[in-house]
Every structure is written in structure tokens, then in C-alpha cells.
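Visitor: What shape does this take:
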Amino acid sequence: MTQLELAPVLAEVDRQFPAALERLKQFLRFPSIATDPAYHAASRDCAAWLAAELRAIGFEAGLRQTPGMPMVVAHHPGPPGADVPHLLYYGHYDVQPVDPVELWDSPPFEPTVVGAPGAERVVARGAVDDKGQVMTFVEAFRAWMQVHGTLPCRVTVFVEGEEEGSSPSLEPFMQANRDELRADLCLISDTGMVSPDQPAITTSLRGLAYVEVTVHGPAMDLHSGMYGGVAVNPNNLLVRILAEMNDADGRVTLPGFYDGIEEPSAAVLASWRDFPVTEAEFLGAVGLTGPHGERGRTFLERNWTRPTLDINGIWGGYTGDGTKTVIPANASAKISARLVPGQRWETIAPAIRQFVEDRLPPDCRLTFQDFGSSPGITVPTEGPWIEAARAGIRQVFGREPVLMGCGGSIPVVGSIREILGMDTLLVGFGLDDDRVHSPNEKFDLICLRRGIETHAALLDRLAAVRR
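Guide: Below you'll find the model as predicted:
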């Protein structure tokens with residue numbers, strides 16, 4: 001433990017919580033949809049607001065320009081003259097688009113608190129992904145500074161604005177600034193926990209390959225009566241090819257897709273047997289009954305440690321109201337593969353392309369766009385950092401955190417390991433029903449409060465780790 005007391009810091013978190021919620025609302029009002037040029041100015045304003053907040057707390061903070069959205073980088077030296085760990089905190093201030101906007105119960109960039117007392121939640125785009133979670137550590141810093149005038153660790157904050165668009169500026173910036181960003185440990189809150197009362201540490205993430213394929217056939221859209229049965233139909237052809245990518249047992253049929261996969265250890269599988277969420281509960285929350293996916297694998301294996309291939313969007317021909325009988329000139333699909341540790345991730349996008357090309361008749365051709373790939377990763381489950389984190393989480397929640405995987409991707413974790421040479425601690429506060437990337441995204445206020453308290457306690461515990 002540090003010589004600086006934690007108890008008054010937690011009391012300050014409680015005292016300041018109403019003001020912390022108002023600051024989060026300010027952050028959420030910026031429509032920082034960085035993938036849309038119409039919102040670039042708002043995204044830059046959002047970054048400037050966050051940098052100003054960090055300066056007001058006591059950080060040296062500013063914006064660093066990139067070819068895309070600016071990075072927010074801030075530093076605090078920690079207690080004067082003390083040999084303490086250096087922690088890097090990563091997050092992102094950009095958010096997903098809000099479409100379909102008509103499904104929102106309130107304006108997506110006018111944060112609204114709803115729910116009965118004790119079950120309140122703030123609804124807005126970015127509420128949990130990732131602005132609310134960024135503010136959990138920012139408000140923890142604020143409470144420490146208010147009480148002690150310093151932080152117990154040396155801290156660097158690194159918040160980007162292009163995460164929802166595959167982070168094109170991230171790795172070049174990290175390469176150019178590796179000495180400034182390098183620390184002893186990185187902390188990220190962009191994951192979840194089991195319930196408001198059951199905390200978690202995420203120890204594995206699936207990677208991602210994302211592509212777009214377009215099959216071109218006739219030189220123009222054709223009358224389906226005049227040409228039906230004679231001309232190739234790209235819609236028919238593409239859906240037949242896509243259907244062949246998964247077999248009846250839920251396995252992906254791309255050659256080499258499963259090469260190199262690392263199976264979870266017996267100890268990890270054993271730790272999941274008593275996981276406090278069942279498959280029926282998980283699927284029931286989104287209106288499904290299941291099961292679905294790869295036959296012969298448990299629910300948690302399928303969700304966390306097995307790769308997938310999914311069609312994310314498909315279009316071609318006429319999709320408006322009423323009827324228009326055409327054979328389309330082309331048909332397109334967006335396809336994503338969730339990848340796991342050990343898998344040959346760099347071969348997946350080329351394999352998708354080859355799979356489609358091999359099934360095209362002579363009259364058709366393919367255009368292909370590769371949006372990038374990243375590997376699945378694991379992070380350490382033992383050692384002084386993880387033990388300190390367990391103690392801090394236990395202090396706030398009064399119970400041991402579970403170790404869990406995440407079916408989603410956070411590519412920066414791999415970049416941090418490769419470029420900066422450090423491991424990452426993934427402690428998140430989202431819930432499965434937070435509607436991430438969907439209308440009415442929300443963040444429960446109890447999760448926001450416990451997130452701030454947890455980061456305050458983590459600072460205390462991690463400061464005592466001897467490197």
C-alpha cells in the first residue's frame with residue numbers, strides 16, 4: 001500500500017459523483033463520429049475538451065496532430081521524489097454512427113438519465129463505448145488530486161479519436177512517440193463485467209479481419225423477365241458462395257482457417273465451469289434462445305476462444321419500396337472474421353478473396369477491399385500486476401473478480417505489446433445489455449460509480465508493486 005490513504009479518496013469519489021455525472025454528460029454531447037467528415041470539427045472539439053479537463057486536474061496535457069483525428073496525451077509525474085510505477089491509460093473519444101436514429105428514445109447526443117432510483121442509467125452514443133469508461137479513470141485521478149494533491153503513480157494518458165475506424169493513425173503515432181508512451185503497464189477500460197455486482201478482468205480478446213467483396217456480372221441491371229434464366233445473377237451467385245463459407249456444424253470452410261489455433265488450457269476451462277451467466281441468459285437478453293455456432297464447443301468457448309466468420313452486410317439490385325424486377329449488375333457483401341490467438345490472422349483476408357474468386361464463372365469478376373486485420377491476443381493471468389489489480393477490485397466490490405474472455409477486438413492491445421513492449425490490464429465496467437453500437441446505448445450509473453472507485457483503488461494497489 002502507498003503512504004497516501006485511499007479511504008478519503010473514495011469518500012471524495014462519492015461526494016463528487018453528481019458533478020462527475022455532469023462532466024460525463026458534457027463529454028457525451030460532442031458528436032465525435034470521426035469516420036464521418038461532417039463530424040470532424042466536433043471530434044476535434046471533443047478532444048480539446050478532454051485535454052482541458054486533464055489540465056484542470058493537474059496534468060500536463062495537449063493535443064497531438066495526426067493525419068486524422070488528434071491524439072490526447074497527458075502526463076503526471078506522481079509523488080515528488082518517489083520511485084513508483086509508471087502507468088499508461090488508453091481510451092478513445094470517437095464514437096459509432098447513430099443510425100438508425102429513429103430507434104433512439106432520446107437524441108443520441110443529448111445524454112438522458114432514465115430508470116428508477118438505484119437502477120438509473122445514462123443513455124447516449126458513447127455512454128459506455130468508450131467515453132463513460134474513459135471518465136472512470138479521469139474522475140479517479142481528480143479525486144486523488146483533490147485529496148492528496150498528487151497521484152500515487154506516475155501516469156500517462158493516451159486517448160485516440162479513430163478507434164471506431166480501425167485506428168489508421170495509431171501505430172504510426174506510437175512508433176514515433178514510443179519513448180514518451182512507454183510505461184510499466186497499460187490499463188484499458190473498454191471491456192465489461194458480468195453484472196453490476198460481479199467484477200471481471202478480461203484476459204483474452206479475439207482479433208479481426210474485415211473485408212468487402214463485390215461480384216460484377218452484366219454490364220448493367222437487366223430486366224429479369226427478358227434475361228432471367230439466361231444471364232448470370234450476381235445476387236444469386238454471391239449468396240450461394242457466402243453460404244458455402246460455413247458448414248452445417250458451424251465451422252468455417254476456408255482452407256487453413258483453423259491452422260495454429262491455441263486451445264485454452266485445462267485450468268482456464270475449469271475456471272469457466274462456474275461462470276455466473278448461462279447461455280440461455282446471455283441469449284435471452286437479446287431475444288434469442290439458441291444455441292448456435294460451432295457444434296461440440298461450450299458457450300464460453302464459442303464466444304471467447306473460437307474463430308467465426310460473419311456476413312455483416314449484403315446488398316445488390318433493387319432494395320427500395322415496391323417492386324422493380326431486375327437482375328443486378330453487381331452484388332456486394334461486408335464480411336468479418338473474429339480471430340483467436342495462434343491463428344494465422346494475416347492469411348484470412350486473402351483466403352476469403354481466393355474462396356470467392358475460385359467460385360466465379362467466366363462472365364463474372366471480383367473487386368475486393370481489405371479493411372485490415374489484427375490477431376487475437378491473451379494477457380497474463382498471474383504476476384504482481386494482476387494480483388494487485390485483484391486486491392483493488394476486491395476492495396471496491398467485496399468479491400473476487402472473475403477472469404473472462406471477450407469476443408470483441410481491441411487491436412491496440414497487440415500494438416501496445418509489440419511497439420511499447422508492455423502488457424495490458426483490461427478492467428472494464430460495461431454490461432452485456434449496454435447496447436454497444438446500437439440505438440439507446442447506455443451506461444448504468446452504478447457501473448460508472450464503481451468504475452471510478454475501482455480505478456482509485458487500482459492506483460493505490462499498483463503503486464505498491466515493485467518492478
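Visitor: contact partners of stretch 308-322?
Guide: Residues from elsewhere that reach stretch 308-322 (C-beta atoms under 8 Å, 6 or more residues apart in numbering): 210, 221, 234-235, 238-239, 242, 245-246, 252, 254, 257, 293, 324, 326-328, 330-338, 352. The C-beta positions use only the backbone N, C-alpha and C, and glycine is treated the same way.
Visitor: Run through the chain and note the low-pLDDT ranges.
Guide: 1-3 (pLDDT under 70).
Visitor: In it, where's the longest helix?
Guide: helix 7-28 (DSSP state H).
Visitor: Now do the buried residues in that helix.
Guide: 9-10, 12-13, 16-17, 20-21, 23-25, 27-28 (16 or more other C-beta atoms under 10 Å).
Visitor: Closest to residue 180 out of the residues you listed?
Guide: Distance to residue 180 across these (C-beta to C-beta) is lowest for residue 27, with 24.5 Å.
Visitor: Remind me what the longest helix of the chain packs against, helices and strands.
Guide: Counting contacts by 3 or more C-beta pairs under 8 Å, 6 or more residues apart in numbering; DSSP states H and E, helix 7-28 packs against helix 40-57, strand 121-123, helix 131-148, helix 445-462.
Visitor: which SSE is the residue with the largest distance to the centre of the chain in?
Guide: Distance from the centre of the chain peaks at residue 226, with 48.6 Å (C-alpha atoms, centre = their mean). In this assignment (DSSP states H and E), residue 226 forms part of helix 224-227.
Visitor: Same question for residue 201.
Guide: Here residue 201 is assigned to strand 200-205, by DSSP H and E.
Visitor: roughly how far out does that strand sit from the chain middle?
Guide: What separates the centre of strand 200-205 from the centre of its chain is 12 Å, taken as C-alpha atoms, centre = their mean, to the nearest Å.
Visitor: now stretch 81-100
Guide: 12 Å.
Visitor: Pull up the distance across it, start to finish.
Guide: Using C-alpha to C-alpha, to the nearest Å, the end-to-end distance of stretch 81-100 comes out at 53 Å.
Visitor: That stretch: which residues count as buried?
Guide: 84-96, 98.
Visitor: Please apply the same query to stretch 391-405.
Guide: Along stretch 391-405, these residues count as buried under the neighbour rule (16+ other C-beta under 10 Å): 391, 392, 393, 395, 396, 397, 401, 402, 403, 404, 405.
Visitor: Please list all residues in contact with the closest residue to the last one other than its chain neighbours.
Guide: Which is residue 405. Among residues not flanking residue 405 along the chain, residue 304 sits closest, at 2.8 Å (C-beta to C-beta, 6 or more residues apart in numbering). Residues in contact with residue 304 (C-beta under 8 Å, 6+ apart) are 204, 206, 404, 405, 406, 407.
Visitor: let's go with 10 Å and repeat that
Guide: Neighbour list for residue 304: 202-206, 264, 268, 272, 298, 338, 340, 376, 404-407 [criterion: C-beta atoms under 10 Å, 6 or more residues apart in numbering].
Visitor: Out of those, which is nearest to residue 135?
Guide: Among the contacts of residue 304, and counting by C-beta to C-beta, the member closest to residue 135 is residue 202, at 19.2 Å.
Visitor: Contacts only, for that closest one.
Guide: Residue 202 neighbours (C-beta under 10 Å, 6+ apart): 188, 190-193, 304, 379, 401-406, 408, 410, 413, 424-428.
Visitor: Residue 253 contacts residue 246, correct?
Guide: Yes: the criterion here is C-beta atoms under 10 Å, and residue 253 meets it with residue 246 at 6.7 Å.
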